[in-house]
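>>> return atomic coordinates for the entry below.
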Amino acid sequence: MSEDALRLYGACAIRDAEQVERIVAEHPAAQDELLDWGLITLEDQPGGVPGVRDPKHALQRRTDEVLAAAEAQVALLKNLPSLSATLTHHYEALQLRATGGASVYLDGPAAVNARLQDLVSGARRELLLAQPGGPRDKALLDKAVGRDSLALERGVEIRTVYRDTVREHPVTAQYARAMSNRGAGRSAQYRTLAGAFERMIIVDREQAVVEDHIVPGSPQHAAWLITDPAAVAVLARHFDAQWMWARPWSGELRARGGDARDTIGSSTVDGARTTRRQREIMRNLCNGVSQASTARRMGMSKRKMEDEVAGLKALWGVSTMNQLIYVYAQSPDCRVDDSTPMAPTALSVMVASAGADRMSGSAA
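Here you go, the predicted model:
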């Protein structure tokens, strides 16, 4: 109870009309509070001063009310497990359509999106996405940026296979560039594949969402959530095979009906995004030269070389040197001709010591 209500009750008890009038004028809620508690009455009171009631009875009534409300909350808490079991039973009775309950039928975009939101937000290690539908809608991609960024920050690896036509779509290309080159931290990886393939999303190699090919007359975008370990393992192996055949893509935009365009502006080869120094480092590493020897050739410290290599790994979203060399060899950057004159120190040192280092060095 507020201090104002307590002062008003005291003023009413001693029949101090002046004090009562002042408190009510300054704090009208105090009178409402005492009425709610049942501590005063406004009926037939001479002089306009509310009459007071025995607080023992008023407090007992309030105690009974609070206890009744608490008992109702306790009863609700006790009933929640049973209520949850009943609701879950009804939900699964509608959703489970496959033998053994290993698959859940999702009967439209709302159900699919709700389940995907839960799956992606709960991913712990890996997200594998096969998206054969071609270019993506901007609104959809804008939502994906936040969702995928959170997953990457949790350490989740994200690999996506798109249809090859996305290379001609500026919105999808911009999204791929942003997500595959996030700077510090893990980046997403993208590849493209010509021809048709099945849409699927695989989470931690434990659950998969695939399109519906079973239910007659099912609505567009209906899907199945598969949790059977054997089925998910087969789907994951199928994705891995597609990934091996697909071409790496980091958002380079290809002109419709023509060759690729350079959307980054960092080189004369379409789609290249590394600097001249980064390509020099990669050429050394691809030729079997160790990081230490490459650092000496280029006149930089061992620590600086380690930072450069870490930056290159982050650029392509890889974690090992073998992965970095492989992805670079598949990228447009590998085709850049840097034979035009450059800073004499780095080039002359590289040419002078190339032969010896290939014999004695090895890639770190």
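>>> all helices for the stretch 251-364 of the chain, in order.
With helices called from DSSP state H, counting those that start in this stretch, the stretch 251-364 of the chain shows them at 276-286, 291-297, 302-316, 321-330, 344-360.
>>> ok, the closest residue to residue 19 other than its chain neighbours to residue 17 distance?
The shortest distance from residue 19 to any non-neighbouring residue, by Cβ to Cβ, 6 or more residues apart in numbering, is to residue 11 (4.1 Å). For every residue, glycine as well, the C-beta is placed using N, CA and C. Counting by Cβ to Cβ, to the nearest Å, the gap between residue 11 and residue 17 amounts to 9 Å.
>>> these two: which has the busier surroundings?
Ranked by neighbour count (other Cβ atoms under 10 Å), residue 11 and residue 17 place residue 11 first, with 22 against 13.
>>> list the contacts of the helix or strand where that one lies.
Following DSSP states H and E, one finds residue 11 within helix 3-13. Applying Cβ atoms under 8 Å, 6 or more residues apart in numbering, the external contacts of helix 3-13 come out as 19-20, 23-24, 26-27, 29-31, 33-34, 37, 39-40, 49-52.
>>> now do the lengthiest helix in the chain: which elements does it pack against?
In the chain, with assignment by DSSP state H, the single longest helix is helix 55-95. Packed against helix 55-95 by the contact rule (3 or more Cβ pairs under 8 Å, 6 or more residues apart in numbering; DSSP states H and E) you find strand 103-106.
>>> on that earlier part again, now the helix holding residue 11: mean pLDDT?
For helix 3-13, mean pLDDT rounds to 86.
>>> now for the chain, the helix or strand with the poorest mean pLDDT.
One helix or strand of the chain scores below all others by mean pLDDT, DSSP states H and E: helix 344-360, with a mean of 32.
>>> quick check, central residue of this protein?
Averaging the C-alpha coordinates of the chain gives a centre point, and the residue nearest to it by Cα atoms, centre = their mean is residue 147 (2.8 Å).
>>> give me the pLDDT value at that residue.
On pLDDT, residue 147 comes in at 82.
>>> grab the nearest non-local neighbour of it.
residue 120 is the one closest to residue 147 (Cβ to Cβ, 6+ apart), at 5.8 Å.
>>> then residue 24?
Taking Cβ to Cβ, 6+ apart, and ignoring the residues beside it in sequence, residue 24 has residue 31 as its nearest neighbour in space, at 5.3 Å.
>>> state the mean pLDDT of the host helix or strand of that neighbour.
Residue 31 belongs to helix 28-37 when assigned by DSSP H and E. Per-residue pLDDT over helix 28-37 has a mean of 86.
>>> with stretch 240-255 instead?
When pLDDT is averaged along stretch 240-255, the result is 85.
>>> can you check stretch 307-320 too?
Per-region confidence: stretch 307-320 scores 89 on mean pLDDT.
>>> any low-confidence regions in the chain?
Counting by pLDDT under 70, the low-confidence segments of the chain come to 44-47, 89-101, 134-136, 184, 255-271, 337-364.
>>> can you give me the angle the helix or strand hosting residue 190 makes with helix 302-316?
Secondary-structure element containing residue 190, defined by DSSP H and E: strand 189-193. Compare the direction of strand 189-193 with that of helix 302-316 by axes from the mean of the first three to the mean of the last three Cα atoms, to 10 degrees and you get 40 degrees.
>>> list the contacts of stretch 17-28.
Contacts of stretch 17-28 from elsewhere in the structure, counted by Cβ under 8 Å, 6+ apart, are 4, 7, 8, 11, 12, 30, 31, 47, 48, 49, 50.
>>> same thing but at 7 Å, please
4, 7, 8, 11, 12, 30, 31, 47, 48, 49 (Cβ atoms under 7 Å, 6 or more residues apart in numbering).
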